[in-house]
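Enquirer: Take a look and give me a structure for this.
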Amino acid sequence: MNTQLHTSLPLLTLVQMTRPGFLVITAVACVLGTAVAAACGHGPHVWTALATLVLAVLMHAAANVLNDYHDALNGADEANTQGLFPFTGGARLIQNGHVTVQDTHDLAKALILFLIPCGLWLAVQTGGGLIALGMVGLLLGWGYSAPPLVLMKRGLGEFTVALTWGLVVIGADYVQRGQFFVIPAAVAISFALLVGNILVINGFPDAQADVQVGKRTLVVRLGQRRAAWVYLVFASLAYAWLLAGVWLFIHPEPALWGMASMPLSLWAFVLLHKNADQPARLTPPIVLTIAAAVVHGLAMSAGLLTLIF
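Expert: Predicted structure coming up:
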């Protein structure tokens, strides 16, 4: 690997290549998983929790860089003239001439090569099940945009993203608990659905470019109006599942704090439905969608932590 490329780039540029604004979603997933474990009497063990958060965020960063690399190769970001930076259309650093395609490739490779031994170390500390989760996470992060899987071109992008962030919650819990358990998986579902909605709504301004390069997002397959209703279905399922989980005694009752994000999701849908065919006006619902996922995860975490104080 040519590391000289990275050392010649400013640190700020390297950070920008990872699309740092979205990394908060992964941090929230780690907080939620750790809170679930703590509510069940496991931890929190601070150092392993911090190690989990750092490695998960770096894995997300690697996936973002890898996605920009492949979008540069297939022309998706170059063709995207309606993207709403910094939310859609990639980091735009290649297209604006700040970094090269090779720089992006090398940074993704460096991050992955760093993650593998660090992930193995954490697995030794906490349990072998983490290796399986890490391998699945790497596969999904790689396969989302990279051949031969290219899941985003097979109509599986939204599902892949939702599954990945659900696994982050489960993994953060596993690090504390040392075994797999049903409660973190159940708690992860509503959060994962709201994270999936981030990809759904990001598909609206990117739709024209996605069609050109063969990305089969929900917006491309269903059209703007029907995809907007799918957004509402995802959000409705998230909150219905949370309510059902508490009613069925799967979720601890304080998980209901996660309902605090429902107004954000509903307002985002109202704006999306109104402006579905006007991509330039979708920044507010995109922001609300990201906020809904963040508030949902943090509110559930706060509620669950009341059980240990």
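Enquirer: For the chain, which segments are assigned as helices?
Expert: For the chain, the helices defined by DSSP state H occupy 4-7, 11-17, 23-39, 46-74, 76-79, 101-126, 129-143, 157-177, 182-213, 218-222, 224-247, 262-275, 283-305.
Enquirer: Just put those in CSV and tack on mean neighbour count.
Expert: Just so you know, the C-beta spots here come from the backbone N, C-alpha and C atoms, and that holds for glycine as well. Converted to CSV, the helices of the chain look like this (neighbours: other Cβ atoms under 10 Å):
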stretch, mean neighbour count
helix 4-7, 12
helix 11-17, 15
helix 23-39, 25
helix 46-74, 21
helix 76-79, 20
helix 101-126, 17
helix 129-143, 18
helix 157-177, 25
helix 182-213, 23
helix 218-222, 20
helix 224-247, 18
helix 262-275, 19
helix 283-305, 22
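Enquirer: could I get these as a markdown table with mean pLDDT?
Expert: Formatted as a markdown table, the helices of the chain follow (pLDDT from 0 to 100):
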| stretch | mean pLDDT |
| --- | --- |
| helix 4-7 | 46 |
| helix 11-17 | 89 |
| helix 23-39 | 96 |
| helix 46-74 | 91 |
| helix 76-79 | 67 |
| helix 101-126 | 92 |
| helix 129-143 | 89 |
| helix 157-177 | 95 |
| helix 182-213 | 92 |
| helix 218-222 | 90 |
| helix 224-247 | 96 |
| helix 262-275 | 97 |
| helix 283-305 | 97 |
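Enquirer: okay, the ones you listed in a markdown table with distance to residue 91 next?
Expert: Shown next, in a markdown table, are these (distance: least, Cβ to Cβ, whole Å):
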| stretch | distance to residue 91 |
| --- | --- |
| helix 4-7 | 15 |
| helix 11-17 | 6 |
| helix 23-39 | 12 |
| helix 46-74 | 5 |
| helix 76-79 | 9 |
| helix 101-126 | 9 |
| helix 129-143 | 16 |
| helix 157-177 | 17 |
| helix 182-213 | 14 |
| helix 218-222 | 21 |
| helix 224-247 | 24 |
| helix 262-275 | 24 |
| helix 283-305 | 16 |
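Enquirer: Show me the one of those helices that comes nearest residue 92.
Expert: Residue 92 lies closest to helix 76-79 among these, at 6.9 Å (Cβ to Cβ).
Enquirer: any idea how far stretch 165-176 is from the chain center?
Expert: How far stretch 165-176 lies from its chain's middle: 13 Å, per Cα atoms, centre = their mean, to the nearest Å.
Enquirer: ok, now stretch 279-298?
Expert: Stretch 279-298 has its C-alpha centroid displaced from the chain centroid by 13 Å (Cα atoms, centre = their mean).
Enquirer: Any chance you could list what contacts it?
Expert: For stretch 279-298, contacts defined as Cβ atoms under 8 Å, 6 or more residues apart in numbering pick out 22, 24-25, 28-29, 31-32, 82, 84, 87-88, 190-191, 194-195, 197-198, 201-202, 204-205, 207, 235, 238, 258, 260-262, 264-265, 267-269, 271-272, 275.
Enquirer: Residue 192 versus the nearest residue to residue 272 once chain neighbours are set aside, what's the distance?
Expert: Nearest residue to residue 272 in three dimensions, chain neighbours excluded: residue 285, at 4.5 Å (Cβ to Cβ, 6 or more residues apart in numbering). Here the criterion is Cβ to Cβ, to the nearest Å. By it, residue 285 lies 20 Å from residue 192.
Enquirer: Same question for residue 64.
Expert: In this view, residue 64 and residue 192 are 18 Å apart by Cβ to Cβ.
Enquirer: How about residue 249?
Expert: From residue 249 to residue 192 the distance is 21 Å (Cβ to Cβ).
Enquirer: Check residue 284 too.
Expert: Here the criterion is Cβ to Cβ. By it, residue 284 lies 23 Å from residue 192.
Enquirer: roughly how far is stretch 154-169 from the heart of the chain?
Expert: Relative to the mean C-alpha coordinate of its chain, stretch 154-169 is positioned 8 Å out (Cα atoms, centre = their mean).
Enquirer: these two touch, right, residue 108 and residue 69?
Expert: Yes - contact criterion Cβ atoms under 8 Å: residue 108 and residue 69 qualify, at 5.8 Å.
Enquirer: and residue 252, backbone torsions?
Expert: Main-chain torsions, residue 252, degrees, to the nearest 10: phi -60, psi 140.
Enquirer: contacting residues around the nearest residue to it once chain neighbours are set aside?
Expert: Nearest residue to residue 252 in three dimensions, chain neighbours excluded: residue 39, at 5.6 Å (Cβ to Cβ, 6+ apart). Residue 39 makes contact with 252, 254, 304, 305, 307, 308, according to Cβ under 8 Å, 6+ apart.
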